[in-house]
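*Asks:* structure for the following, please:
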Amino acid sequence: MPESSSAFTIAEQTGRKRVLILKERALPYRPFTLSGSMRAETTWYPGNPIASMQVLGNEEAPTTITGRWADRFLRSIDDEGRAVQASAIALLGTGGAGATQPVANVVELAKTVDSIRREGQVVEVTWDQQIRHGIVEQFVQNWDRAEILNWEITFKWISQGEREVPISFALEVDQKSLSAKFNTLYDQLHTSLAAPFSLVEDIQRALDEMDAIISDAIGSITDTTANITDAVLTPATAVKRTLAAMETIKEGALRIENIVSSKAARALINTDEIDALSQGQTLTAESYVRGVKISARLLKTTAAEQNDTLTRRDDEQEILAVFTAHTNMDLRDVSTRFYGTQEEWRRLLKYNGLTSSKLLAGMFIMVPRLINSGV
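*Replies:* Residues are numbered from 1 along each chain as shown. Predicted coordinates for the structure are as follows:
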């Protein structure tokens, strides 16, 4: 195979985010075959000469590449075991950082590729202008000897490199929606705050204040979710409001943890005779504190997780609109409305985490901008 200045790059998008760069004699043999198809279901009805066809969307066919690695092109030591300058035709970086180091020998290179396969992380594969996202489905190793490997890698693709963005809002108005989740968690916390004994006044006042602040923040999420349509509330504004509410919830839940931990559990009981409290009363106070902490931490953790997801989505240029579906609608209708073509319905399906193009009335559909298209 002739040497080339082009690099073949395998970059993990998840997990350890390693980047493996192959150059020159470490490159796969040509050709590098890419193919795809349009999936469709055809139905022939009796007596009708014209079939009915449902287009299901694009599918990228798996790609298999082959090559040969030899220590004499890679190694960093000579036959006498003395250090030599590595060839840098196989480079490895970790953590998504730009810095890379030469892979010392064929064994280490094979271990790296096999580790990427075994861990099953999503990878971005780049060669010249070709970009694909997928996984390393198979890695075949045919060893001539310890320093020479004939190899074969099969990639299973999921896309041509379209940007993946996490979903920020629940997509259906049901018990799994964002507002319903937080209302449920708040109800648990609110119930746990009701002590089976009289609390010290300053503790009761502080807990009531935090309870009200969290309640208002969750009410804001509920209102935002109810109004997240392109006609009522812009997507960017909805995300920013929800982010602010999440921060308030996190801080309020943390404050509640600190309040009930500020004194010994028995000292939370409003009495002038703490030393006279029975063991049962002390255990009741400790159980109360435990329950409040568990509920507060669950609410705080959930708010933090949602905050991270929303932060990754907080880009006004990313979202074109948020559409509320009506009865008997399909993603093709949404695609036509915003993109002028039905062909982007698969993008909407994947972007919103749906499994069917059929929409239920009231579903929120996030419509992303098409990168480099002007839409």
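
*Asks:* ok, Thr302 touching Thr184?
*Replies:* No - Thr302 lies out of contact with Thr184 (Cβ atoms under 8 Å); the separation is 10.0 Å. From N, CA and C alone the C-beta is placed, and that goes for glycine too.

*Asks:* more crowded one of those two?
*Replies:* Each of Thr302 and Thr184 has its neighbours counted (other Cβ atoms under 10 Å); Thr302 has more, 18 against 12.

*Asks:* quick check: the more buried one vs Lys181, distance?
*Replies:* In this structure, Thr302 lies at 7 Å from Lys181, with Cβ to Cβ, to the nearest Å as the measure.

*Asks:* next one: Lys293
*Replies:* Per Cβ to Cβ, Lys293 is found 20 Å from Lys181.

*Asks:* same check, this time on Pro368
*Replies:* For Pro368, the distance to Lys181 - Cβ to Cβ - is 24 Å.

*Asks:* those two: which has the busier surroundings?
*Replies:* Just comparing Pro368 and Lys181: by other Cβ under 10 Å the higher neighbour count belongs to Pro368, 23 against 16.

*Asks:* nearest spatial neighbour of the more buried one, skipping sequence neighbours?
*Replies:* Closest residue to Pro368 in three dimensions, ignoring its sequence neighbours and counting by Cβ to Cβ, 6 or more residues apart in numbering: Tyr351, at 5.4 Å.

*Asks:* now swap in Phe197 and tell me
*Replies:* The shortest distance from Phe197 to any non-neighbouring residue, by Cβ to Cβ, 6+ apart, is to Ile269 (5.3 Å).

*Asks:* could you report the separation of the one you found from Thr191?
*Replies:* Here Ile269 is placed at a distance of 19 Å from Thr191 (Cβ to Cβ).

*Asks:* in terms of neighbours, single out the busier of these two.
*Replies:* Ile269 (21 against 10).

*Asks:* right, and the more buried one touches Ser278 too?
*Replies:* No - here Ile269 does not reach Ser278: they are 11.0 Å apart, not a contact under Cβ under 8 Å.

*Asks:* what is the mean pLDDT for whichever helix in the chain runs longest?
*Replies:* For the chain, the helix that runs over the most residues, judged by DSSP state H, is helix 279-313. Per-residue confidence for helix 279-313 averages out to 85 on the pLDDT scale.

*Asks:* packing partners for that helix?
*Replies:* Packed against helix 279-313 by the contact rule (3 or more Cβ pairs under 8 Å, 6 or more residues apart in numbering; DSSP states H and E) you find helix 178-193, helix 235-261.

*Asks:* could you give the average pLDDT over the shortest one?
*Replies:* Pointing back at helix 178-193 there. 88.

*Asks:* list the buried ones in the helix or strand just after that helix?
*Replies:* Using DSSP states H and E, the helix or strand that follows helix 178-193 in sequence is helix 201-226. Counting neighbours by 16 or more other Cβ atoms under 10 Å, one finds that the buried residues in helix 201-226 are 203-204, 206-207, 210-211, 213-215, 217-218, 220-222, 224-225.

*Asks:* which strands or helices does helix 201-226 pack on?
*Replies:* Contact partners of helix 201-226 among helices and strands, from 3+ Cβ pairs under 8 Å, 6+ apart: helix 178-193, helix 235-261.

*Asks:* tell me which helix or strand Gly67 sits in.
*Replies:* When elements are assigned from DSSP H and E, Gly67 belongs to strand 63-70.

*Asks:* partner strands of that strand and their direction?
*Replies:* Its sheet considered, strand 63-70 pairs with strand 148-159 (antiparallel) by DSSP bridges.

*Asks:* who's in contact with the partner strand?
*Replies:* Applying Cβ atoms under 8 Å, 6 or more residues apart in numbering, the external contacts of strand 148-159 come out as 28, 60-71, 106, 109-110, 113, 122-123, 125, 132-144, 350.

*Asks:* nearest to Ser37, of the buried residues of helix 201-226?
*Replies:* Checking the buried residues of helix 201-226 against Ser37 with Cβ to Cβ, the nearest one is Thr225 at 38.7 Å.

*Asks:* so where do the strands sit in the stretch 1-150 of the chain?
*Replies:* 7-12, 19-23, 36-43, 52-60, 63-70, 90-93, 101-102, 123-127, 130-145, 148-159 (DSSP state E, counting those that start in this stretch).

*Asks:* would you mind giving those strands as a markdown table with mean pLDDT and distance to Asp330 added?
*Replies:* Written out in a markdown table, the entries for the strands of the stretch 1-150 of the chain read as follows (pLDDT from 0 to 100; distance: least, Cβ to Cβ, whole Å):
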| stretch | mean pLDDT | distance to Asp330 |
| --- | --- | --- |
| strand 7-12 | 89 | 35 |
| strand 19-23 | 91 | 40 |
| strand 36-43 | 79 | 15 |
| strand 52-60 | 72 | 11 |
| strand 63-70 | 93 | 32 |
| strand 90-93 | 86 | 44 |
| strand 101-102 | 85 | 51 |
| strand 123-127 | 88 | 31 |
| strand 130-145 | 92 | 26 |
| strand 148-159 | 92 | 22 |
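
*Asks:* quick one, which of those gets closest to Leu360.
*Replies:* Comparing the strands of the stretch 1-150 of the chain by Cβ to Cβ, strand 52-60 comes nearest, at 19.1 Å.

*Asks:* for the residue nearest to Ala206 when sequence neighbours are not counted, the count of nearby residues, please.
*Replies:* Distances taken as Cβ to Cβ, 6+ apart put Ile259 closest to Ala206, at 5.1 Å, once the chain neighbours are dropped. Neighbours of Ile259 under the rule other Cβ under 10 Å: 22.
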